[in-house]
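S.K.: Take a look and give me a structure for this.
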Amino acid sequence: MQTTLDTTVAFEGKGLHLGQPVSVVVRPAPADHGIIFRRMDVDASKADVPALWHRVIVSPLNTRIENAAGTSVSTIEHIMAALAGCGLHNALVEVTGPEIPILDGSAAQFVEGFLHAGVRRLNAPLRVIEVLKPVSVKVGDATARLDPADTLHIRFEIDFADRAIGHQEKTLNMSNGAFVRELSNSRTFCRSSDVDAMRAQGLALGGTLENAVVVDGAEVLSPGGLRHKDEAVRHKMLDALGDLYTAGAPILGRYTGSKAGHAVTNALLCALFTDPGAWAWRDADVATAARLPGVGLRWADVPAVA
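M.R.: Down below sits the predicted model:
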């Protein structure tokens, strides 16, 4: 069955790049609504932006969606990951500005808000997207691939010169509460030199050592250090889950990313959906539904965040 929130939940914070205060209210939505973002600061006729792969504007820094009227919402990947990881298929996300607040740089606060609000089952069947054959893309030295699988698996590999990050790789079966347990509290990360370069371009104005893991060579500059030894690759997997959810439904497939970012994952979805033989809609039977992200999620799955 499809799901939505049981009650409304709200979040407040600053956007990462513009640094402006912004409020988000996530409301329950009916079956077959999907995930839609609504800009509350623009004309109502231009306000709704569906969170779908063909609405993504390619960016190396975040995931931005834009509707036909030119209304956009940026940095949706963390809240999308939380929606996917909590097994929520329908929601209306009202936002008072052009970007979703960064909060602590992870999806943890979104997850906790959704669990407090509760999940409601809807009397409507759930359809999933089944990957039928391998699809891959390569952009520079970054690659991403989808292969057939009975549920969603994510494998990611990164390699940075900074010793605080270095080479990291991780593989997870995303069934049930795996996202919440393993990935949800992993924060976005960057190098100190990248922060300086972004601010010179008028970006990362809302970034602080409290909402990102900032590294300089072998040193972690953020107070308290890392939440996980491999927090960087875990966050890349978090981003990948959020970006994959712009497919419009849960995916049955094995995602493999190497040095991939938002633009590469979107290119992979474009390659998937432009090949009719690579995918198909499938009704989620009881066994399939039981393996999807978020099913069986418990409060005990939520990791402690210092």
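
S.K.: now the strands for the stretch 151-300 of the chain?
M.R.: With DSSP state E, counting those that start in this stretch applied, the stretch 151-300 of the chain shows strands at 153-159, 167-173, 189-191, 213-216, 219-220, 251-252, 254-258, 279-283, listed in chain order.

S.K.: where among those is the average confidence lowest?
M.R.: With a mean of 80, strand 189-191 has the lowest mean pLDDT of those.

S.K.: just checking, what packs against that strand?
M.R.: strand 213-216, helix 231-244 (3 or more C-beta pairs under 8 Å, 6 or more residues apart in numbering; DSSP states H and E). No exception for glycine: its C-beta is placed from N, CA and C like everyone else's.

S.K.: cutoff 10 Å now
M.R.: helix 192-200, strand 213-216, helix 231-244 (3 or more C-beta pairs under 10 Å, 6 or more residues apart in numbering; DSSP states H and E).

S.K.: okay, the angle between the longest one and strand 254-258?
M.R.: Using axes from the mean of the first three to the mean of the last three C-alpha atoms, to 10 degrees, one finds that helix 231-244 and strand 254-258 are set 130 degrees apart in direction.

S.K.: then helix 231-244 to PDB, C-alphas only?
M.R.: Presented in PDB, the C-alpha positions along helix 231-244 are these (Å, rounded to 0.1, in the frame of the first residue of the first chain):
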ATOM      1  CA  GLU A 231      30.900   9.400   7.400                       C
ATOM      2  CA  ALA A 232      31.800  10.900   4.000                       C
ATOM      3  CA  VAL A 233      30.900   7.800   1.900                       C
ATOM      4  CA  ARG A 234      27.800   7.300   4.000                       C
ATOM      5  CA  HIS A 235      26.700  10.800   3.200                       C
ATOM      6  CA  LYS A 236      27.300  10.100  -0.500                       C
ATOM      7  CA  MET A 237      25.000   7.100  -0.200                       C
ATOM      8  CA  LEU A 238      22.400   9.300   1.600                       C
ATOM      9  CA  ASP A 239      22.600  11.800  -1.300                       C
ATOM     10  CA  ALA A 240      22.200   8.900  -3.800                       C
ATOM     11  CA  LEU A 241      19.100   7.600  -2.100                       C
ATOM     12  CA  GLY A 242      17.500  11.100  -2.200                       C
ATOM     13  CA  ASP A 243      18.400  11.600  -5.800                       C
ATOM     14  CA  LEU A 244      17.200   8.200  -6.900                       C
END
